[in-house]
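Peer 1: just coords:
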């Protein structure tokens, strides 16, 4: 009797998992198109929120859209200026770095000999020749790397123009097919928007703090490293620490080991204040996701969508969790993805 009653539940779980496997396999196969599109959707959520904020302040829809587009293109312009400016500055500093590198290689000759490496092969010319092929491939494939960015910008623009009308269409469809779940879908969208806005604010604080710390310590390209910390901060738990590896190595090479340690301490303190004070203040409930799930989701979505999957791992997992809440058959998945269950105010 118990076996007969449990069989439909087991079969339902297996069918759900099989359907999810087929779905994610399809998403992975279409990731070159779906990845930029999903990122465009999330950018539209952020800038669409800004557009609605302008409208609530009494601006007309056309004026609000114009201001939103100005801010959107200003951010893109700042991004391009920082990348190009840092690259030009690096090229101007390159001869000095090559001299320092050659001196360091000379001092490291005994170490190379001890590990069986011929110091004569570690010349500047040989190192540059070994990287020349990779540099050539980088520039020849530059358009292939830039085309997804262009696709993201154009898709976001078109979605912003259609933001209000598309939202109304979705509400009409939901009212027609699932009238009782309209508020749940609205809550789903609102929580994702809240998370993205809060995450952006916290990353901005962390990035500015990192840039200020690096500037005070005299690390070159401090503004660029701060921007990198802001961008990689969207990767939960590990993104920020990946971002400060290059400035730490640069500080060690340029200023010495003490300054490199100060870079780690100062940047870590900036990130700590942003994550554990500002983020806690802005989002008291947090992600409502298990910490282990957030960490595993980095590799899962990175495998499914590539680099964009790493950036959007947390909001995508949050979206899956809240979507599973909408249906009785998948509510157990939402429970598994959540934090430890609380009973009588205590976590189990």
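Peer 2: That came in fine, so what should we check first? The model shown is predicted, which means the values in this text are computed figures rather than measured ones. Residues are numbered from 1 along each chain as shown.
Peer 1: which phi and psi does residue 238 have?
Peer 2: phi -120, psi -20 (degrees, to the nearest 10).
Peer 1: and the gap between it and residue 322?
Peer 2: 24 Å (Cβ to Cβ, to the nearest Å). C-beta: built from backbone N, CA, C; applies to glycine.
Peer 1: just checking, residue 212 is part of a helix?
Peer 2: Yes - assessed by DSSP: H, G, I helix; E, B strand; the rest coil, residue 212 belongs to a helix.
Peer 1: Could you pull up the residues touching it?
Peer 2: Counting by Cβ atoms under 8 Å, 6 or more residues apart in numbering, residue 212 touches 222, 226, 270.
Peer 1: in which helix or strand would I find the second one?
Peer 2: Assigned by DSSP states H and E, residue 226 belongs to helix 222-232.
Peer 1: List the buried residues for that helix?
Peer 2: 222, 223, 224, 225, 226, 227, 228, 229, 230, 232 (16 or more other Cβ atoms under 10 Å).
Peer 1: cool, and stretch 176-191?
Peer 2: 181, 185, 188, 191.
Peer 1: now it, how far from the centre of its chain.
Peer 2: 26 Å (Cα atoms, centre = their mean, to the nearest Å).
Peer 1: what does that stretch rub up against?
Peer 2: Against stretch 176-191 from outside (Cβ under 8 Å, 6+ apart): 45, 170, 171, 174, 175, 318, 319, 322, 323, 325, 326.
Peer 1: what's the helix holding residue 226 packed up against?
Peer 2: Where contact means 3 or more Cβ pairs under 8 Å, 6 or more residues apart in numbering; DSSP states H and E, helix 222-232 is packed against helix 61-107, helix 182-217, helix 239-243, helix 245-254.
Peer 1: TSV for these, including distance to residue 162?
Peer 2: Shown next, in TSV, are the helices and strands packed on helix 222-232 (distance: least, Cβ to Cβ, whole Å):
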stretch	distance to residue 162
helix 61-107	11
helix 182-217	16
helix 239-243	31
helix 245-254	39
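Peer 1: nearest to residue 310, of these?
Peer 2: helix 239-243 (7.7 Å; Cβ to Cβ).
Peer 1: Please state the offset of that closest one from the chain centre?
Peer 2: For helix 239-243 - counting by Cα atoms, centre = their mean - the centre lies 11 Å from the chain centre.
Peer 1: now stretch 187-196
Peer 2: Per Cα atoms, centre = their mean, the centroid offset for stretch 187-196 relative to its chain is 16 Å.
Peer 1: which intervals of the stretch 51-200 of the chain have sub-threshold pLDDT?
Peer 2: The model of the stretch 51-200 of the chain has pLDDT under 70 over residues 94-95, 97-109, 111-145, 164.
Peer 1: From residue 200, how far out is the residue lying closest to residue 204 once chain neighbours are set aside?
Peer 2: Excluding the flanking residues, the one nearest residue 204 by Cβ to Cβ, 6 or more residues apart in numbering is residue 230, at 5.9 Å. In this view, residue 230 and residue 200 are 9 Å apart by Cβ to Cβ.
Peer 1: Nearest the middle, which residue of the protein would you pick?
Peer 2: When Cα atoms, centre = their mean is applied to the chain, the residue found nearest the centroid is residue 311 (2.4 Å).
Peer 1: pLDDT wise, what is that residue at?
Peer 2: pLDDT recorded at residue 311 is 80.
Peer 1: How about it: what's its closest non-neighbour residue?
Peer 2: residue 234 (4.7 Å).
Peer 1: and if you look at residue 279?
Peer 2: residue 202 (4.7 Å).
Peer 1: for the helices and strands packed on helix 222-232, which one sits closest to residue 335?
Peer 2: Nearest to residue 335, of the helices and strands packed on helix 222-232 and by Cβ to Cβ, is helix 182-217 at 16.1 Å.
Peer 1: what's the angle from that closest one to helix 245-254?
Peer 2: Helix 182-217 runs at 0 degrees relative to helix 245-254, counting by axes from the mean of the first three to the mean of the last three Cα atoms, to 10 degrees.
Peer 1: circling back to that earlier point, could you tell me how many residues sit around the residue nearest to residue 279?
Peer 2: 24 (other Cβ atoms under 10 Å).
Peer 1: what do you get for the one 4 residues further on?
Peer 2: As a burial measure, the neighbour count of residue 206 was computed by other Cβ under 10 Å and equals 27.
Peer 1: Pull up the gap between the residue nearest to it when sequence neighbours are not counted and residue 216, please.
Peer 2: Excluding the flanking residues, the one nearest residue 206 by Cβ to Cβ, 6+ apart is residue 274, at 3.9 Å. From residue 274 over to residue 216 the distance is 17 Å, taken as Cβ to Cβ.
Peer 1: Mind checking which of these two has more residues around it?
Peer 2: residue 274 (23 against 11).
Peer 1: Is that one part of a helix or strand, or is it coil?
Peer 2: Once three-state DSSP is applied, residue 274 turns out helix.
Peer 1: Contacts only, for it.
Peer 2: 202, 203, 205, 206, 209.
Peer 1: now for the host helix or strand of residue 43, which elements pack on it?
Peer 2: Using DSSP H and E, residue 43 sits in helix 31-56. With contacts taken as 3+ Cβ pairs under 8 Å, 6+ apart, helix 31-56 sits against helix 61-107, helix 142-161, helix 163-177, helix 182-217, helix 291-305, helix 307-311.
Peer 1: between it and helix 163-177, how big is the angle?
Peer 2: 100 degrees.
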